[in-house]
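Undergrad: what's the 3D shape of this:
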Amino acid sequence: MKRALSDVDIMLRTSVVAGIFFGLILMLVRFILQLLLGTQGSFVKNVHIALSLFLLWLVVSTAVRSAHMLHKKMNLLMLWLTGGITAIWGPLVAAFLLPLGRKLSLPLGPWPINAKSYAFYLGLGLLFAFFSLIHLRIKNKAIGNILELLAIGLIVAYFLREV
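TA: Okay, the predicted model is just below:
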């Protein structure tokens, strides 16, 4: 007898697999950048941040779409949380692999990750998941565009309030 997977099962399995993949890719990008550009300079740091953000968007949106394809009627909250959990798993896996890479004498450079970094990844993961959900569930493109602009506007207003 075949058992149907629950929303939580799909969310956790998809998030863990995508998060592990994201962590491995983060370490690979870090290794390649260190080999090609070295460890010094703001250019290397900016390239690393740009690639990390692009990969985060790519992996989170893929994880949300994969979970949606596994269960078309999956709860929206579970789909949204899939993106957030995926975004946290990546840096966790990378931080776990960093000492192993250093023991193998791989040039990985410093890894300045802390609680604020995890919160940042979580926030971006939830944001990217929200944008993916808009594209998956909102059939009217005009309403989808308005929702995206509202989300971006709220973020800009939040950061302008802080200044």
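
Undergrad: hey, which helix is longest across the chain?
TA: In the chain, assigned by DSSP state H, the helix with the most residues is helix 7-37.

Undergrad: what mean pLDDT does it get?
TA: Mean per-residue pLDDT for helix 7-37: 88.

Undergrad: how near is L76 to L133?
TA: Relative to L133, L76 is positioned 6 Å away (CB to CB, to the nearest Å). Quick note: C-beta positions are derived from backbone N, CA and C, even for glycine.

Undergrad: more neighbours: those two, which one.
TA: Neighbours were counted for L76 and for L133 using other CB atoms under 10 Å; L133 has more, 21 against 12.

Undergrad: give the buried residues for the helix or strand hosting that one.
TA: Following DSSP states H and E, one finds L133 within helix 115-137. Across helix 115-137, burial judged by 16 or more other CB atoms under 10 Å covers 121-122, 124-134, 136.

Undergrad: what's the angle from that helix to helix 7-37?
TA: 120 degrees (axes from the mean of the first three to the mean of the last three CA atoms, to 10 degrees).

Undergrad: just checking, what packs against helix 115-137?
TA: Contacts defined by 3 or more CB pairs under 8 Å, 6 or more residues apart in numbering; DSSP states H and E place helix 115-137 against helix 42-70, helix 76-103, helix 141-162.

Undergrad: other residues contacting stretch 61-81?
TA: The contact list for stretch 61-81, computed with CB atoms under 8 Å, 6 or more residues apart in numbering, reads 5, 7-8, 10-11, 14-15, 18-19, 82-83, 86, 126, 128-133, 136-137.

Undergrad: residues touching E148, list them.
TA: By CB under 8 Å, 6+ apart, the neighbours of E148 are F131, I134.

Undergrad: understood, closing this out.
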